[in-house]
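Q: fold the following.
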Amino acid sequence: SKTKTNPIVVRIMFGNIAGMPVNCGRVIKALTSHLPQDANLHIWVGAWRRGFSWNHAKIIAVDGVYLHTGGHNLWDAHYLAENPVHDLSFELEGRVARDGHRFANQQWEFIERKQNTCIGFIVNHLPDQLELALRTRVTVSEWPKNKVSEFPPMFNKAVVAANTGATGVPLISIGRQGSIVFRSRPSDDAILAMINSSQTIIRLVLQDLGPVCVPGTKKALPSLIWPKAYLAAIGEAIYMRGVDIEMVVSNPNSIPGGLKGTEANYGNGWSCVDVAAEIIKAIQKNHDNVDDARLRAMVVDNLRICFIRHSKSSAYEDGKTIGLHSKHFIVDDRCCYIGSQNLYMCDLAEWGIVVDHEGEVKKIMKDYFVPLWKSSYTGLDVDVQQVMDGLNVDRDDRQTFLGGFQSIDVAQAMMPHGGGDEFYDYDDTSDEDEARPPRPSFFWKERRSATAKTDVKDSP
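A: Below you'll find the model as predicted:
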């Protein structure tokens, strides 16, 4: 950084997970403890939550040119210790990296807007547990302290490195900002459009398709239901167009790195039979009087679902089951998605990339899906009779709270999240807790944001 005239700007955005507020000041101290005071770096660390919606995207965007995105969290114990969880991310180079910066812009704008009001200032200094009346918590810390502004500059393509201009492949960035916005969830619509476009086969590698369930039961956590729109789209693909489904999911309740179940828990508790039954139920819901024999034939001929395995084994040598965190699916072997968005019910901020190039998709398949499927699929995880017997099981939970109000937030708060407590706490006092006079609300100016954009000149 010392060779640069202008300081290098580093913006790091976390999700303020319910009950586990990120200590932005502690993160800043860890990042800068070995840096000289004259380092030519300006660093901001922020975190936000609105209700029980927070940032879940995994983006490293550099200079508007280089991009790393997918499912990986920066949690050492989940990936670098014993029994690591499986995941998938990839690197890209080109203009698509700018979309990652712009997606982050919208979250930084949200933090700035909330802290530049008197209410936002007060909420920022309340204990994280006090969420009943006030649903939003944002925090931010900066370095060097007292030498940079409270909030980072927004990404501007005019000040980043120029692209090489090399011919690339079509890429589409798709995302959603959770409850930061009122109604728009564009990546949900994009994923449905991909499923609905299928003609021959959909291959999926998912953490799960069903919501987190109550341990030892076939019932979702309070107020959670299965993703009806995705199930209906998959069911229609099978029933109307004869599309094959190949799906790999996590072994239920897999815990990596010797962690606790409340810190990490991959696989929401459902069997492959449960997943298959919910897809068949979606077909029954949308089509009257479907012949039982035809349903059985679709389970046998079109629906192949399995747990992730190593050489046909679902467990590590110590007996602990193998976890999966990928969010990846391929449509007709021509386009694919890699990103952070799960297909089970979860209203978080997400981002990912659709690769719309048959040649590149086949390379990704060769490197990832084909060996994964060969290692995992045995044909034993879905029994057609068990699927048919499970069609009358109600796996949803529609409990209501607070005098009849159905709260998805309550269920979201009960889901396991976390990467250890080194940078999370409840009441630690640090840099972000030092009082700053609130700026007047008129300081905020609405900016145009871009959540989903097509980019046709990038190369992975």
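Q: and S33, how far from Q207?
A: 34 Å (Cβ to Cβ, to the nearest Å). Quick note: C-beta positions are derived from backbone N, CA and C, even for glycine.
Q: tell me which of those two has more neighbours.
A: Neighbour count, other Cβ atoms under 10 Å: between S33 and Q207, Q207 has more, with 23 against 7.
Q: is the more buried one in contact with Y266, as I believe?
A: Yes: the criterion here is Cβ atoms under 8 Å, and Q207 meets it with Y266 at 5.9 Å.
Q: find the residues that touch each one of these two.
A: 250, 324-325 (Cβ atoms under 8 Å, 6 or more residues apart in numbering).
Q: list the buried residues in stretch 319-330.
A: 320-330 (16 or more other Cβ atoms under 10 Å).
Q: same question, stretch 16-23
A: For stretch 16-23, the neighbour count (16+ other Cβ under 10 Å) marks 16-23 as buried.
Q: try stretch 367-386
A: Quick answer for stretch 367-386 (16+ other Cβ under 10 Å): 368-369, 372-373, 375-377, 381-384.
Q: please apply the same query to stretch 303-317.
A: 303-309, 314, 316.
Q: what is the end-to-end distance of that stretch?
A: Stretch 303-317 has an end-to-end distance of 30 Å (Cα to Cα, to the nearest Å).
Q: which residues touch that stretch?
A: Here stretch 303-317 has contacts from 82-83, 86, 238, 244-251, 272, 275-276, 279-280, 321-324, 372, 375-379, 381-382, using Cβ under 8 Å, 6+ apart.
Q: could the buried residues of stretch 16-23 be laid out in CSV, adding distance to L231 and pLDDT?
A: What follows is those, written out as CSV (distance: Cβ to Cβ, whole Å; pLDDT from 0 to 100):
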residue, distance to L231, pLDDT
N16, 31, 85
I17, 27, 81
A18, 27, 74
G19, 30, 73
M20, 31, 77
P21, 34, 80
V22, 34, 86
N23, 39, 88
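Q: which pair of those spans the longest distance?
A: Taking Cβ to Cβ, the two most distant members of those are A18 and N23; they sit 15.3 Å apart.
Q: low-scoring stretches of the stretch 1-150 of the chain, by residue?
A: Where the stretch 1-150 of the chain drops to pLDDT under 70, the residues are 1-3, 117-135.
Q: go again with 80.
A: Applying pLDDT under 80 to the stretch 1-150 of the chain flags residues 1-4, 18-20, 116-137.
Q: can you give me the helices in it?
A: 24-32, 76-79, 96-115, 118-124 (DSSP state H, counting those that start in this stretch).
Q: to R50, which of those helices lies closest?
A: Nearest to R50 among the helices of the stretch 1-150 of the chain is helix 96-115 (7.8 Å), distances taken as Cβ to Cβ.
Q: could you pull out the strands for the stretch 201-350 of the chain?
A: 201-206, 244-249, 303-307, 327-331, 335-339, 349-355 (DSSP state E, counting those that start in this stretch).
Q: please convert those to TSV, extending it with distance to M194.
A: What follows is the strands of the stretch 201-350 of the chain, written out as TSV (distance: least, Cβ to Cβ, whole Å):
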stretch	distance to M194
strand 201-206	8
strand 244-249	14
strand 303-307	18
strand 327-331	5
strand 335-339	7
strand 349-355	7
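Q: what about the helices in the stretch 201-350 of the chain?
A: 228-241, 272-286, 292-301.
Q: and the closest residue to F155 other than its chain neighbours, how many neighbours?
A: Nearest residue to F155 in three dimensions, chain neighbours excluded: H101, at 3.6 Å (Cβ to Cβ, 6 or more residues apart in numbering). For H101, the count of nearby residues is 21 (other Cβ under 10 Å).
Q: over to S254?
A: Neighbours of S254 (other Cβ under 10 Å): 25.
Q: any stretches of the stretch 351-460 of the chain with poor pLDDT?
A: For the stretch 351-460 of the chain, counting by pLDDT under 80, the residues that fall below are 398-460.
Q: what do you get if the cut-off is 50, keeping everything else the same?
A: 401-407, 410-416, 426-460 (pLDDT under 50).
Q: please report phi then psi for the closest residue to K320 other than its chain neighbours.
A: Once flanking residues are discounted, K320 sits nearest to N83: 4.8 Å by Cβ to Cβ, 6+ apart. Here is the backbone geometry of N83 (degrees, to the nearest 10): phi 50, psi 50.
Q: beta-bridge partners for the nearest residue to M194 once chain neighbours are set aside, please?
A: Excluding its sequence neighbours, the residue lying closest to M194 (Cβ to Cβ, 6+ apart) is V331, at 5.1 Å. Assessed by DSSP bridges, V331 has beta-bridge partners I202, C335.
Q: isn't V331 up against I202?
A: Yes: with contact defined as Cβ under 8 Å, V331 and I202 form a contacting pair (5.6 Å).
Q: how much space between R176 and L348?
A: Noted for R176: a distance of 8 Å to L348, by Cβ to Cβ.
Q: higher neighbour count, the two?
A: R176 (28 against 21).
Q: could I get the pLDDT score of the more buried one?
A: Reading off the confidence values, R176 has pLDDT 97.
Q: and the helix or strand hosting it, what does it pack onto?
A: Assigned by DSSP states H and E, R176 falls within strand 169-177. Strand 169-177 is packed against helix 96-115, helix 186-196, strand 349-355, strand 453-459, with contacts defined by 3 or more Cβ pairs under 8 Å, 6 or more residues apart in numbering; DSSP states H and E.
Q: please point out which parts of it sit buried.
A: For strand 169-177, by 16+ other Cβ under 10 Å, it's 169, 171-177.
Q: which one of these is nearest R294?
A: For those, the nearest to R294 is I174 (34.2 Å; Cβ to Cβ).
Q: list the contacts for the closest one?
A: Contacts of I174 (Cβ under 8 Å, 6+ apart): 186-187, 190-191, 337, 339, 351-354, 452.
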